[in-house]
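Student: only geometry, no sequence info:
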């Protein structure tokens, strides 16, 4: 059982999809506990895997006992052993959270929602665990297709937003597939470790360069890196609240993980940094993404839409950390995968809770919410401080490492961009917090002053995951030194 | 130059098909035309993969009469792996097509049109 942990991570949610469908069609209420059981088992498997990796090193799991270059292999090293529990944990939190909001928003589609939800998580986990380029494509498409379906279930504009996402996502996936094809044509292998061994002799070849470019563009679309992010704001704004709470923390982070894998594991760092200036280009694009995302967020009046633009800016942080190409930058990027997952989880869950209680989410409509939903708003403030980068929260630490990385790379402009984005985020969030917490200055009278404090707090199934995410943001900040010294310093790809 | 086009004509066709599909996905205003473009794009990729495997005078990758009677040389048979990859890719493409059509039905029910600019106008 212990040895099978890497494959169980993927197999459990996949198989439980069908279990949930069968039992769900029989009795609607059974879906929710089945999903929770599946995700908890999968989470245990990821923890077990992480434990094995820490105690005894990299795991190579051969599916069907076929030897690597021919068979599909799951490879778990420190990097994906670190990302896997993050994905599973976020998925469990969203699953717990989803109960009430799904009952309200999608009352007639509960069963299908939970089935596709599990498939979505399967896709994310599969992308992360696999050691085979083509297998990664298949999982990427499972995750994307499930994502299109989930987003379509949302409010009025959702189907059209989802269609645009589908067109963009398919272009991205096809470019990735073409990249796989070019590498296969040049090397005859699909296994990542095998490719990493075969490729260095062929670094001059044009086929490899074209394949690499296809990978970069395809992954940039999938992780919504500026200027290829155009599908993201619409899709995540109109999606049901639990869906945006699942996709926003995970899809972009998984994309960032694949980016690190492709440009620093499959290709050697000296190829991506020296032979092609890919890393430098990535840095400049990332800097543009950070500023553009924050600036666009300033222009929004809709809280959820504002958060989607902040997400675009956060993707910029991840790409910047990857592009800087030194130890500190990569530490920052890998730590930010964890931190940003928690921050986005908390923020999008809070928006969902606000919508559940109020129906609206315009920033100007949020006044007095701190009296009605004190705990939810407290978590919102914690997450906001973390996005800005205030010390006890986790956001500070990843930003710290990113800035150190930028200084090491002598990228003074990137240091300036990172600091400027903190300021922009501060303006962004204080505008929202001011609207929520402070009395309007022109003294317009509010009729319902007699409301009981906490009377409209979010329901318990929503509040618990929100509080856990908030506590997570604070405690991850305190623990970040330990996380870096036990896992992340080994997760940085060889060659740095 | 002419030789390059003739001898690698399948790759040129793949590129032309891909560009047609790409143009339709980005440039066309009708959602169904976009989907058709998506399909052409994906089919072009299938052609590319199959082209990388093809070989003049190649045979099946099956050992005839079995049990080591004939040593099979890699040079004499057609690589089956790209074909197998494309079987999987076709499955993915069909499911993408299915999801896309389902979404388009939803859009049509809501807006009663499939023209992108009209939908954008109605969305305001």
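Tutor: Cool, the structure landed. Please read all numbers here as calculations on a predicted model, not as lab measurements.

Student: helix or strand for the residue of chain A found nearest chain B, which one?
Tutor: Among all residues of chain A, residue A:159 sits closest to chain B, at 4.1 Å; criterion: Cβ to the nearest Cβ. For glycine as for every other residue, the C-beta is placed from the backbone atoms N, C-alpha and C. Secondary-structure element containing residue A:159, defined by DSSP states H and E: helix A:158-187.

Student: go on, residue A:237?
Tutor: Here residue A:237 is covered by helix A:231-238, with elements defined by DSSP H and E.

Student: and that helix, what other elements does it pack with?
Tutor: If contacts are counted by 3 or more Cβ pairs under 8 Å, 6 or more residues apart in numbering or on different chains; DSSP states H and E, helix A:231-238 sits against helix A:133-152, helix A:158-187, helix A:241-260, helix A:303-324.

Student: dump those helices into TSV; add mean pLDDT, mean neighbour count and distance to residue A:380 as well.
Tutor: Listed next are the helices and strands packed on helix A:231-238 as TSV, based on pLDDT from 0 to 100; neighbours: other Cβ atoms under 10 Å in any protein chain shown; distance: least, Cβ to Cβ, whole Å:
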stretch	mean pLDDT	mean neighbour count	distance to residue A:380
helix A:133-152	92	24	24
helix A:158-187	92	24	24
helix A:241-260	91	27	13
helix A:303-324	91	27	10
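
Student: residue ranges with poor pLDDT in chain B?
Tutor: Along chain B, the parts satisfying pLDDT under 70 run over B:63-74.

Student: for residue B:96, see how far away the residue of it found nearest chain A is.
Tutor: In chain B, no residue comes nearer to chain A than residue B:106, which is 4.1 Å away by Cβ to the nearest Cβ. As for residue B:106, its distance to residue B:96 is 16 Å (criterion: Cβ to Cβ, to the nearest Å).

Student: which one of these two has more residues nearby?
Tutor: Each of residue B:106 and residue B:96 has its neighbours counted (other Cβ atoms under 10 Å in any protein chain shown); residue B:96 has more, 23 against 17.

Student: my guess is the more buried one contacts residue A:147, does it?
Tutor: No: applying Cβ atoms under 8 Å, one finds residue B:96 not in contact with residue A:147, separated by 11.9 Å.

Student: max-length helix in the chain?
Tutor: Using chain A. As assigned by DSSP state H, the longest helix anywhere in chain A is helix A:327-358.

Student: let me rephrase: I mean chain B.
Tutor: Every helix in chain B considered (DSSP H), the longest is helix B:81-111.

Student: which parts of stretch A:260-273 are buried?
Tutor: Of the residues in stretch A:260-273, those buried under the neighbour-count criterion (16 or more other Cβ atoms under 10 Å in any protein chain shown) are A:260-269, A:271-273.

Student: one more: stretch A:36-53?
Tutor: Applying a neighbour-count criterion of 16+ other Cβ under 10 Å, one finds A:38-39, A:41-50, A:52-53 buried in stretch A:36-53.

Student: now render those as JSON lines, adding distance to residue A:87, secondary structure and pLDDT.
Tutor: Shown next, in JSON lines, are the buried residues of stretch A:36-53 (distance: Cβ to Cβ, whole Å; DSSP: H, G, I helix; E, B strand; the rest coil; pLDDT from 0 to 100):
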{"residue": "A:38", "distance to residue A:87": "14", "secondary structure": "helix", "pLDDT": "91"}
{"residue": "A:39", "distance to residue A:87": "10", "secondary structure": "helix", "pLDDT": "92"}
{"residue": "A:41", "distance to residue A:87": "14", "secondary structure": "helix", "pLDDT": "91"}
{"residue": "A:42", "distance to residue A:87": "9", "secondary structure": "helix", "pLDDT": "91"}
{"residue": "A:43", "distance to residue A:87": "9", "secondary structure": "helix", "pLDDT": "92"}
{"residue": "A:44", "distance to residue A:87": "14", "secondary structure": "helix", "pLDDT": "91"}
{"residue": "A:45", "distance to residue A:87": "12", "secondary structure": "helix", "pLDDT": "90"}
{"residue": "A:46", "distance to residue A:87": "8", "secondary structure": "helix", "pLDDT": "91"}
{"residue": "A:47", "distance to residue A:87": "12", "secondary structure": "helix", "pLDDT": "90"}
{"residue": "A:48", "distance to residue A:87": "15", "secondary structure": "helix", "pLDDT": "89"}
{"residue": "A:49", "distance to residue A:87": "12", "secondary structure": "helix", "pLDDT": "89"}
{"residue": "A:50", "distance to residue A:87": "12", "secondary structure": "helix", "pLDDT": "90"}
{"residue": "A:52", "distance to residue A:87": "18", "secondary structure": "helix", "pLDDT": "88"}
{"residue": "A:53", "distance to residue A:87": "15", "secondary structure": "helix", "pLDDT": "88"}
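
Student: quick one: those residues as CSV, columns for distance to residue A:81 too.
Tutor: Written out in CSV, the entries for the buried residues of stretch A:36-53 read as follows (distance: Cβ to Cβ, whole Å):
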residue, distance to residue A:81
A:38, 20
A:39, 18
A:41, 17
A:42, 14
A:43, 13
A:44, 14
A:45, 11
A:46, 8
A:47, 10
A:48, 10
A:49, 6
A:50, 5
A:52, 8
A:53, 4
